[in-house]
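Peer 1: Quick check, what structure comes out for this input:
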Amino acid sequence: MIDFDEEIKKFKPSLEVGDVEEAIEAGDLKDMMGIMEAILNLLADKRR
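Peer 2: Numbering: from 1, shown residues only. All right, here's what the predicted structure looks like:
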């Protein structure tokens, strides 16, 4: 059985929308195209 009082103690609120935006912008996130370009550039550098 779930102990709701214990679960409430463990609860951590999620980030607010503004905080999420800042966390995402602060990270160096790349989309799949950026990742593929980085891999291709590494391979091209190794061949030279």
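
Peer 1: Only C-alpha atoms from now on, for both contacts and neighbour counts.
Peer 2: Will do.

Peer 1: Low-confidence regions, the protein specifically.
Peer 2: 15, 26-30 (pLDDT under 70).

Peer 1: and if we set it to 90?
Peer 2: Applying pLDDT under 90 to the chain flags residues 1-2, 11-36, 47-48.

Peer 1: Just the C-alphas of the helix ranked longest in it, formatted as PDB.
Peer 2: Secondary structure of the chain per DSSP state H: the longest helix is helix 32-47. Once side chains and other backbone atoms are set aside, the C-alpha atoms of helix 32-47 remain, and they are given as PDB (Å, rounded to 0.1, in the frame of the first residue of the first chain):
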ATOM      1  CA  MET A  32      20.700  15.100 -34.900                       C
ATOM      2  CA  MET A  33      22.000  17.100 -37.900                       C
ATOM      3  CA  GLY A  34      24.500  18.800 -35.700                       C
ATOM      4  CA  ILE A  35      25.700  15.500 -34.200                       C
ATOM      5  CA  MET A  36      26.000  13.900 -37.700                       C
ATOM      6  CA  GLU A  37      28.100  16.900 -38.900                       C
ATOM      7  CA  ALA A  38      30.400  16.700 -35.900                       C
ATOM      8  CA  ILE A  39      30.900  13.000 -36.500                       C
ATOM      9  CA  LEU A  40      31.600  13.500 -40.200                       C
ATOM     10  CA  ASN A  41      34.100  16.300 -39.300                       C
ATOM     11  CA  LEU A  42      35.900  14.100 -36.900                       C
ATOM     12  CA  LEU A  43      36.200  11.300 -39.500                       C
ATOM     13  CA  ALA A  44      37.400  13.800 -42.200                       C
ATOM     14  CA  ASP A  45      40.100  15.100 -39.800                       C
ATOM     15  CA  LYS A  46      41.300  11.600 -39.100                       C
ATOM     16  CA  ARG A  47      41.700  10.900 -42.800                       C
END
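
Peer 1: Return the list of helices and strands in contact with that helix.
Peer 2: Contact analysis of helix 32-47 by 3 or more CA pairs under 8 Å, 6 or more residues apart in numbering; DSSP states H and E lists no helix or strand as a packing neighbour.
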